[in-house]
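J.: What follows is a predicted protein model with its sequence.
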Amino acid sequence: MQGRIIRLLAGYYFVQLEDREIRCRARGKMRLHNESPCVGDFVEVDVLNDGEGVLTKILPRKNLLERPPVANITQVLIVCSALAPHPNFALIDRILVATELLGLSAVVVVNKCDLDSGVAVSSVYRPAGYPVVEVSLSADVNIASLWASLRGHTSVLAGQSGVGKSSVIKHLCPEREVGVGEVNLRKGYGRHTTRHVELIFVPELDAYIVDTPGFSKLELPEGLSILTLADCFLEMRGQRDHCKFGHSCRHLGEPDCRVKQEVGRGHISQERYQSYTILLNELIERERSQYK
């Protein structure tokens, strides 16, 4: 039978079949061939008895995120806070770069908008071409728009700890026991409340959502290079055609650079350009270290 891995716990793969969930071990041959099933994989299983089975084959993947380890997603829901913890634009842009490389959709969700308007985030990402949903999960503000953005997708939640990712799950599935962390007001960050990766089906939305441990550091993907980075920023894509140095322009100190001109005109936000330069310098250092 075919199903989908929804949870990995204590060495067991929990597979959702059409009518039930079963607990599986991976066939020994898969381990010999160094095959590593992960949450989100569509798989074939041999059902042994009620509630038990053996995972025999991983079906072809559309994509794979390595952190968090989850396969076959269609959308990334980047959750940030309008107030505390303060929006980490560098982290948001790292995640957006990864989604562009993987060909995924992305939605920026600004939580706690009952405490602050969230305009600081919206003014950066709406002009860049990304949908932004402003909500308050604690005050039930604009929840319908958030659910509409999830409909029909397999979405992974990403963002800093303490911004409300677990609260999204709590609203979707109020019957589930989900830990919701408090924000450390002195240091401005939240506590990790999710301990493992899990794929949750929401039948009302015909959607899956991936609950993942929070993270505050995301490594740049291996497929990214100095000259492909700008193409992962929607508002910078295609601008090299108008730069003096064409496709060799890195949009740093080169004269007559269209990207720098657009930043000066306010068409590209300072926050996005700052994220770009941070990521570009990391890539430059990474390439230098490869030749040492």
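T.: Received it, and whenever you're ready, just let me know what you need.
J.: Wasn't Cys24 part of a strand?
T.: Yes: according to DSSP: H, G, I helix; E, B strand; the rest coil, Cys24 belongs to a strand.
J.: Show me what it is bridged to.
T.: Listed beta-bridge partners, Cys24: Tyr13, Gly53 (assigned using DSSP bridges).
J.: Next one: it relative to Phe201, how far apart?
T.: Using Cβ to Cβ, to the nearest Å, one obtains 17 Å as the distance from Cys24 to Phe201. Backbone N, C-alpha and C define where each C-beta goes, glycine included.
J.: Counting neighbours, go ahead and name the busier of these two.
T.: Shown here are Cys24 and Phe201; by other Cβ atoms under 10 Å, Cys24 has more neighbours (22 against 15).
J.: wait, isn't the more buried one in contact with Val15?
T.: Yes: Cys24 is in contact with Val15 according to Cβ atoms under 8 Å; the separation is 5.4 Å.
J.: Is Val108 in a helix, a strand, or coil?
T.: Per three-state DSSP, Val108 ends up strand.
J.: Can you get me a residue count around it?
T.: Val108, neighbours per other Cβ under 10 Å, totals 27.
J.: Check Leu220 too.
T.: Neighbours of Leu220 under the rule other Cβ under 10 Å: 16.
J.: surely it meets Arg94?
T.: Yes: counting by Cβ under 8 Å, Leu220 does reach Arg94; the two are 7.2 Å apart.
J.: Now list whatever residues contact both of those two.
T.: Common contact partners of Leu220 and Arg94 (Cβ atoms under 8 Å, 6 or more residues apart in numbering): Leu279.
J.: pLDDT below threshold where in the stretch 51-200 of the chain?
T.: Applying pLDDT under 70 to the stretch 51-200 of the chain flags residues 67-68, 176-196.
J.: can you give me the helices in it?
T.: Secondary structure of the stretch 51-200 of the chain (DSSP state H, counting those that start in this stretch): helices located at 89-102, 119-128, 143-150, 165-172.
J.: So which of the ones you listed is nearest Ile6?
T.: Of all the helices of the stretch 51-200 of the chain, it is helix 165-172 that lies closest to Ile6, at 13.5 Å by Cβ to Cβ.
J.: Only the C-alpha atoms, please, for the closest one, written as PDB.
T.: What follows is helix 165-172, C-alpha atoms only, in PDB (Å, rounded to 0.1, in the frame of the first residue of the first chain):
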ATOM      1  CA  LYS A 165       4.600  28.900  14.900                       C
ATOM      2  CA  SER A 166       3.200  26.600  17.600                       C
ATOM      3  CA  SER A 167       0.200  28.900  18.000                       C
ATOM      4  CA  VAL A 168      -0.600  28.400  14.300                       C
ATOM      5  CA  ILE A 169      -0.800  24.700  15.000                       C
ATOM      6  CA  LYS A 170      -3.000  25.300  18.100                       C
ATOM      7  CA  HIS A 171      -5.500  27.300  16.000                       C
ATOM      8  CA  LEU A 172      -5.600  24.700  13.200                       C
END
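J.: what's it packed up against?
T.: Applying 3 or more Cβ pairs under 8 Å, 6 or more residues apart in numbering; DSSP states H and E, we find helix 165-172 packed against strand 75-81, helix 143-150, strand 154-158, strand 198-202, strand 207-211.
J.: if we can go back for a sec, shared neighbours of Cys24 and Val15, anything?
T.: Contacts common to Cys24 and Val15, judged by Cβ under 8 Å, 6+ apart, are 45, 53, 55.
J.: Now, of these, which are buried?
T.: Neighbour-count burial (16 or more other Cβ atoms under 10 Å) applied to these gives 45, 53, 55.
J.: show me the contacts for the first one.
T.: With contact taken as Cβ under 8 Å, 6+ apart, Val45 is in contact with 1-3, 15, 17, 22, 24, 53-56.
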